[in-house]
Structure formats: structure tokens, C-alpha cells
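**Q** fold the following for me, if possible:
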Amino acid sequence: MSRTHVFAARPASDMMSVREVLDIVLSKVRCLDAEVVPLQEAGFRIAAEDVLAPAGFPPFPASIMDGYAVVAADGPGEYPVAGQVMAGHPADYVQQPGQVSYITTGAPMPEGADAVVRIEDTEPCGDRVRIKVAVTPGHDVREAGSDMAPGTLVVRAGSVLGPAELGLAATAGTGTVAVTRRPRVSVLSTGDELQPPGEPLGPGQIPDSNHVMLSAMVQRMGCDVRPRTAIAEDTELRLRQEVRASLEHSDLIITSGGISMGEADLLPKVLMDCGAEIHCERVLMKPGKPFTFSSWQAASSGRRCVVCSLPGNPASAMVTFLLFCVPALRHMLGHQPPTLPRIQVMLGSELVPDATRPEFHRFPWAGAHGAGIPSGCLGLGRWPARWPGRLPRGIHRFPAEQPPAQHAGRRRVGDGCARFPAVAGRFDGVRH
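**A** I've put the predicted structure just below:
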């Protein structure tokens, strides 16, 4: 028997705070299992395990310079050339005292030699070479294991495998690496009024901008957007079909629309009919109050899926995606920590706070001021009614006015000096 879900207007005191909702989201999300991939395919994936150097590097004593391998005790003088040693081609002879060997950068030192004299400090003399300077043992020689000892921690679990990390892993001799599986994400837009972008619009219809926007942000975080995503009609049957199909094959479902107070806002009821448990609905925030979070677990296999239901307004959808979906996906991917860093920012213009709900504003910034404080929030202001604009560099949390203003003119704050908390990052799970 289906369960009835009825929305009722709630006072601010009955809504959950953003912090409470985020704690619930992270408590229901699990880091996904690992898979082993070739190093060449691991770019910007998340290391699921520590990467340790199996052997030292370099694996042999190597020359740091182009020059001549010498026996340091011989000192300056003219010496016969025993041979030449090139990178990748070890000497097939033992160098004796009173001999030198031509050697290139990175080439293994010939047995018997213990120092290198750079080419600038030598002079050819027919079939011999004059060594013009005295050196000590080990001069311009990189000893075996001096860069990386066996067992050295090269990449820590939870790290993004960027170019530097991949280079270190390759240097350590690692050919494969364990990475967290990419989350499978379904993006579902709801509403009879929506049409795919580029399609002709009928009366009362608008393009589905949320699907494109949310899918792009999910992909930017290194996740897979499932091809089965749809614009669901505002009917229980169609919604139930799409939700059930997505639950079976997704780690996270992101929906937009269908969670407000209207008669066509059927999604919470459909989620419960499909066996999902709703953990929170109605958040004390602006924009994004209707955000709803639920989880589902298959009775037979035990596989899990979480559902982030975002408001249909694109600006509200972006704010709630950044505040709740980004940490959830970072947790699935194994980022440490899953939340983005918080910084202090200074307002570049005055703002009038909401009387009851904390507001969230986008901001870019220019330069630094003082101890890492952005020097200004350029273009700071409320989100446009429909379109969120450029992906921000951060989200600024502006507290509600407490207590509410009793006078006709609401309190204005932010004179270019006040500092307020903000979440900082590029929100892509990689470059921050």
C-alpha cells in the first residue's frame, strides 16, 4: 500500500539547518569500491590505496652531468678513455684507476668510478682527456635510492592523481594503481513544461537547462552520467518508472523539480513508493529551501543509492548542488576531506539580509588581502531569478538577520571591511 505524503508550510524553527542536512547526507553516503587501472588511464582519478615505491630510485648510481666518470683519488691529469657510457646502456667493463669514461646525464656509473667531472672542466688531448679539477668521491653522482627509498609513500590514499602524482608513481615503477570507481549518476528533470534544448517549444514550454547544467558539473567532478536520463512527465506512473530504473543502476540520483508545494510536485511520494527513505525536506536556506534528501537500499542485493532532489529553479538547483551534491560525490570518490575548504571573505558591496533564512551568494575574487583573505567579492549579489550565471569560485553564507528588524528600513551590512565565512573551491573535485 502506498504511503501518503502531504506537504505543509513549515515555520523556520521546523526546518533543518544546512549543517544538519550536510551531516545527514555524508552519513548516508559510502566511499565506493576500488578498481585497478593502468597508470595511463588514472589521470585525475582518486587513489583508493597508498602507493608505495616497490624499489629505490634511481635503481643505480647515475651521473648528474655530461662529463667524464673518474676515480676521485687520481686527481687532475691526462688519462686514457676506457669507453663511453650512455643513458640506457650500462658499461660492459670495469674502469681501472688511471682511466676515465665519457658519460652522459642519467647514465649508470661504470664499476670502478666514483665521481664525475663535468665536460666544462675537461679538455681533449688527442686520444686522451685532461681532467683540470680535483673532485671528491660522489661528486655529481646521484646515489642509488637517493631520490626515493624502497617503501617510500609516493601517493596517499584519497589524493587526486594529477600530473605530479602520476609522474611520481611512474618513477616509482608502478604500472597500475587502485582508484575509486567513478560514481554512476542519473540526472532526472521533472516537469511537463520542459523540452530538450534545441527542440521546438510548444505553448507554455521552456528548454530543460537543469539537465545540461547538472550533468556538466557531475562530469567535471570525474563521475559518469548515465545515458538513461529523461525529462519525466508530471504523472506518478512516469515518475515511478524513471525513478525505479535509475535506482537499480545508479549510486546517486539528482532530480530537479517536483518537490515544492504544488499538486504536481509528486516526487517525494514516488520516492517513498519505490522504497526510498526520506531523511530531510525543507532546509533553512535561501535559495534552495525545498531540497530533499533520501536513500534507498535493494532488499535482495543490498546495493545502495542516494537521491538528492533539487528545486527546479536553476539558481536554486546550482546552490543546492554545490552545497550538498558536491560533498556527497567527493565522499563517494574518496576525497579527504569530502567537504571543500572554508575561508573568510570581505564583501565588496552592501547586502540586506533575509529576516529568517541564511542566504547563499556566489562570488569570484580578485587577488589576496592580508592573511589569504580575498580582496573583494566582485559582482556579489542575489542569484538571478532563473539563471545562475557563471559557475562561481565560492559560495558565501550570509546569516539571517537576528533578531528580525523592527524598523521600516532593514539592516544593511558589508562595507568592504566586514569578513564572513564562505566555501571556497572550483567545485570540480579536482582543481582546488
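
**Q** and Thr105, how far from Ala115?
**A** Thr105 sits 15 Å away from Ala115 when distances are taken as CB to CB, to the nearest Å. (C-beta placed from N, C-alpha, C; glycine too.)

**Q** in stretch 47-66, which residues are buried?
**A** Going by neighbour count (16 or more other CB atoms under 10 Å), the buried part of stretch 47-66 is 47-49, 51, 53, 56-58, 61-63, 65-66.

**Q** can you give me the end-to-end distance of that stretch?
**A** The first and last residues of stretch 47-66 sit 37 Å apart, counting by CA to CA, to the nearest Å.

**Q** kindly report the same for stretch 24-33.
**A** Stretch 24-33 has an end-to-end distance of 21 Å (CA to CA).

**Q** and that stretch, average pLDDT?
**A** Mean pLDDT, computed over stretch 24-33, is 97.

**Q** start the count at 45, not 1, going forward
**A** Sure thing, new numbering starts at 45, so read that last one as stretch 68-77.

**Q** for it, list every residue counted as buried.
**A** Neighbour counts using 16+ other CB under 10 Å place Ile68, Val69, Leu70, Lys72, Val73, Cys75, Leu76 of stretch 68-77 among the buried residues.

**Q** now do stretch 262-279: distance to the chain's middle.
**A** 19 Å (CA atoms, centre = their mean, to the nearest Å).

**Q** buried sites along it?
**A** For stretch 262-279, by 16+ other CB under 10 Å, it's Val262, Met265, Gly266, Cys267, Val269, Arg270, Thr273, Ala274, Ile275, Ala276, Glu277, Asp278.

**Q** now stretch 206-214
**A** Using 16+ other CB under 10 Å as the test for burial, stretch 206-214 gives Glu209, Leu210, Leu212, Ala213.

**Q** average pLDDT for that stretch, rounded please.
**A** 96.

**Q** tell me where the model's unsure across the stretch 195-344 of the chain.
**A** 272-274, 305-308 (pLDDT under 70).

**Q** pull the longest strand from the chain.
**A** Secondary structure of the chain per DSSP state E: the longest strand is strand 121-129.

**Q** for it, packing partners?
**A** Applying 3 or more CB pairs under 8 Å, 6 or more residues apart in numbering; DSSP states H and E, we find strand 121-129 packed against strand 111-114, strand 144-147, strand 172-175.

**Q** so which of those strands gets nearest Arg284?
**A** The closest of these to Arg284 is strand 144-147. By CB to CB, the value is 73.4 Å.

**Q** mind listing the strands the following helix or strand past that closest one pairs with, and their directions?
**A** Next in sequence after strand 144-147, counting helices and strands by DSSP states H and E, comes strand 159-162. Within its sheet, strand 159-162 is paired with strand 111-114 (antiparallel), according to DSSP bridges.

**Q** before we move on, the earlier item: what's the closest of the helices and strands packed on strand 121-129 to Val221?
**A** strand 144-147 (33.7 Å).

**Q** run me through the strand neighbours of that closest one, direction for each.
**A** Per DSSP bridges, strand 144-147 is paired in its sheet with strand 111-114 (antiparallel), strand 121-129 (parallel).

**Q** a markdown table for those strands, including mean neighbour count and distance to Asp236?
**A** Compiled in a markdown table, the strands paired with strand 144-147 are given as follows (neighbours: other CB atoms under 10 Å; distance: least, CB to CB, whole Å):
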| stretch | mean neighbour count | distance to Asp236 |
| --- | --- | --- |
| strand 111-114 | 28 | 77 |
| strand 121-129 | 16 | 76 |
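
**Q** for those, which one sits closest to Gln388?
**A** Minimum separation from Gln388 across the strands paired with strand 144-147 (CB to CB) falls at strand 111-114, 53.5 Å.

**Q** from the chain's centroid, how far away is that closest one?
**A** 47 Å.

**Q** for it, give me every contacting residue.
**A** By CB atoms under 8 Å, 6 or more residues apart in numbering, the residues outside strand 111-114 that reach it are 107, 123, 125, 129, 139, 144-147, 153-154, 157-166, 173, 175, 179, 184.

**Q** hmm, back to that, mind putting the buried residues of stretch 68-77 into a markdown table with secondary structure?
**A** Listed next are the buried residues of stretch 68-77 as a markdown table, based on DSSP: H, G, I helix; E, B strand; the rest coil:
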| residue | secondary structure |
| --- | --- |
| Ile68 | helix |
| Val69 | helix |
| Leu70 | helix |
| Lys72 | helix |
| Val73 | coil |
| Cys75 | coil |
| Leu76 | coil |
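
**Q** ok, so of those residues, who is nearest Gly302?
**A** Val69 (19.2 Å).

**Q** that closest one contacts Pro371, correct?
**A** Yes. Using CB atoms under 8 Å, Val69 makes contact with Pro371 at a distance of 6.7 Å.

**Q** could you check how far the residue located most distally from the centre of the chain is from Lys330?
**A** Relative to the centre of the chain, and counting by CA atoms, centre = their mean, the farthest-placed residue is Gly170 at 60.5 Å. Separation of Gly170 from Lys330 (CB to CB) stands at 86 Å.

**Q** over to the residue lying closest to Arg186 once chain neighbours are set aside: give its phi and psi.
**A** Setting aside the residues directly before and after it, Arg186 is nearest to Ala106 in space (CB to CB, 6 or more residues apart in numbering), at 4.8 Å. Backbone torsions for Ala106, taken as degrees, to the nearest 10, come to phi -130, psi 150.

**Q** ok, Ala106 to Val144 distance?
**A** 17 Å.

**Q** and the biggest helix by length in the chain, which residues are buried?
**A** As assigned by DSSP state H, the longest helix anywhere in the chain is helix 280-293. Neighbour counts using 16+ other CB under 10 Å place Arg282, Leu283, Arg284, Glu286, Val287, Ser290, Leu291 of helix 280-293 among the buried residues.

**Q** the last one reaches Trp340, doesn't it?
**A** Yes. Assessed by CB under 8 Å, Leu291 is found in contact with Trp340 at 5.3 Å.

**Q** shared neighbours of those two, which are they?
**A** Common neighbours of Leu291 and Trp340 (CB under 8 Å, 6+ apart) are Cys318, Gly319, Ala320, Cys349, Val351.

**Q** between those residues, which is closest to Met257?
**A** Closest to Met257, out of all of these and judged by CB to CB, is Val351, at 18.3 Å.

**Q** roughly how far apart are the residue farthest from the centre of the chain and Pro120?
**A** Counting by CB to CB - Gly170 and Pro120 are separated by 17 Å.

**Q** for Ile250, same thing?
**A** For Ile250 relative to Pro120 (CB to CB), the value is 84 Å.

**Q** more neighbours: which of the two?
**A** Pro120 (14 against 11; other CB atoms under 10 Å).

**Q** what sits closest to Arg270 if chain neighbours are left out?
**A** Using CB to CB, 6+ apart and skipping residues adjacent in sequence, the residue nearest Arg270 is Ser230, 4.8 Å away.

**Q** no further queries at this time; thank you.
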